[in-house]
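Participant: Task: produce atomic coordinates for the following.
(one chain, ligands or ions: 1)
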Amino acid sequence: MINKCQVGVITLFPEMFSAITDYGVSGRAVRDGLLELQFWNPRDFTEDKHRSVDDRPYGGGPGMLIPAAIAAAKQALGADTTVVYLSPQGQKLVHQGVQQLANHERLILIAGRYEGIDERVIKQHVDVEVSIGDYVLSGGELPAMVLIDAMARLVPGVLGHQDSANEDSFASGLLDCPHYTRPEVLDGEQVPAVLLSGNHDNIRRWRLQQSLGRTWLRRPELLNDLALTVEQEALLSEFKSQYQA
Ligand SMILES: CN1CCN(C(=O)c2nonc2N)CC1
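Facilitator: Numbers count the residues shown, from 1 in each chain. As a prediction, this is how the structure comes out:
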């Protein structure tokens, strides 16, 4: 388990990352020194007076700016730093993949724009290609922020106790249980009585059964990869017997 998340990002738009450095859990992780971001802008490696980055990528054009930025990032983070390229062609990002990447003390993320980066750069410099989903975005910055946010939450001390408890359902491969806040009755619907009982083991079992039931109903394929405990099997079986579509 790492004790901090150190990430170098290669991006034309470092300002976008204020969305995770200036707000919420990830912003607090930055302030607490548990998440450290550094940025390298390919535009800083251009040699023409127009600092062009979207010309045809041959003859030393933009296609070769990425390797220069990677080299600079590795000089700062270490030659052995893992290089991740965000792209729809990558392996689909799920919780286990976040955990694996979070176990690297240091990462360099390439947030591409336009048509992406030269295939030879991928072959020679990229260790792993990662996709956040089967759709095409305008750039790699949002996928990079998704990955950074998910990794940061796994660093000890980033989440408060309650949030980390909530993470358990995802860590076990299940969907999260329903959550309720005040008021006790909303539009005529009551908060489930067990949540008001103060019986912590009953509340734990109810939340686990709801996670199991929701996973069965909404994402049954996730259950195929899980070895359920005796308790989980019993709770899911009971949920199924009581379920009315
Ligand atoms: C060049 N650029 C194209 C758009 N892009 C993505 O759509 C994407 N990245 O990671 N998962 C995704 N989906 C990032 C890279």
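
Participant: Kindly report the residues of the chain close to the ligand.
Facilitator: Proximity of the chain to the ligand, by Cβ under 6 Å from any ligand atom, involves residues 86-88, 112, 116, 131-133, 135-137, 139-140, 143. Heads up, the C-betas are built off the backbone N, CA and C, glycines and all.

Participant: and with 5 Å instead?
Facilitator: Residues of the chain found near the ligand (Cβ under 5 Å from any ligand atom) are 86-88, 112, 116, 131-132, 136-137, 140, 143.

Participant: In strands only, show me those.
Facilitator: Applying DSSP state E to the residues of the chain next to the ligand, the entries found in strands are 86-88, 131.

Participant: Tabulate these (TSV), appending pLDDT.
Facilitator: Output for those, formatted as TSV (pLDDT from 0 to 100):
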residue	pLDDT
Leu86	98
Ser87	97
Pro88	96
Ser131	98
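
Participant: I figured Ala72 was touching Gln38, is that so?
Facilitator: No: using Cβ atoms under 8 Å, Ala72 is not in contact with Gln38, being 9.9 Å away.

Participant: Report the contact partners of Ile70.
Facilitator: Ile70 is in contact with 10, 83, 108, 110, 125, counting by Cβ atoms under 8 Å, 6 or more residues apart in numbering.

Participant: Among those residues, which one lies nearest to the ligand?
Facilitator: Proximity to the ligand was ranked across the contacts of Ile70 by Cβ to the nearest ligand atom; first place goes to Ile110, at 8.6 Å.

Participant: Next, count neighbours for Gln232.
Facilitator: Neighbours of Gln232 under the rule other Cβ atoms under 10 Å: 18.

Participant: Which residues belonging to the helix or strand containing it are considered buried?
Facilitator: Using DSSP states H and E, Gln232 sits within helix 230-242. Buried residues in helix 230-242, counting neighbours by 16 or more other Cβ atoms under 10 Å, are found at 232, 235-236, 239.

Participant: Please apply the same query to stretch 84-104.
Facilitator: 84-87, 90, 93, 97-98, 101-102, 104.

Participant: so how far is the one helix or strand Val83 maps to off the chain centroid?
Facilitator: Using DSSP H and E, Val83 sits within strand 82-92. Taking the mean of its C-alpha atoms, strand 82-92 sits 12 Å from the chain's own mean (Cα atoms, centre = their mean, to the nearest Å).

Participant: Report all helices and strands that the helix or strand following that strand contacts.
Facilitator: Per DSSP H and E, the first helix or strand lying C-terminal to strand 82-92 is helix 95-102. Contact here means 3 or more Cβ pairs under 8 Å, 6 or more residues apart in numbering; DSSP states H and E; on that basis helix 95-102 packs against strand 82-92, strand 128-131, helix 141-152.

Participant: could you redo the last one with a cut-off of 6 Å?
Facilitator: Counting contacts by 3 or more Cβ pairs under 6 Å, 6 or more residues apart in numbering; DSSP states H and E, helix 95-102 packs against helix 141-152.
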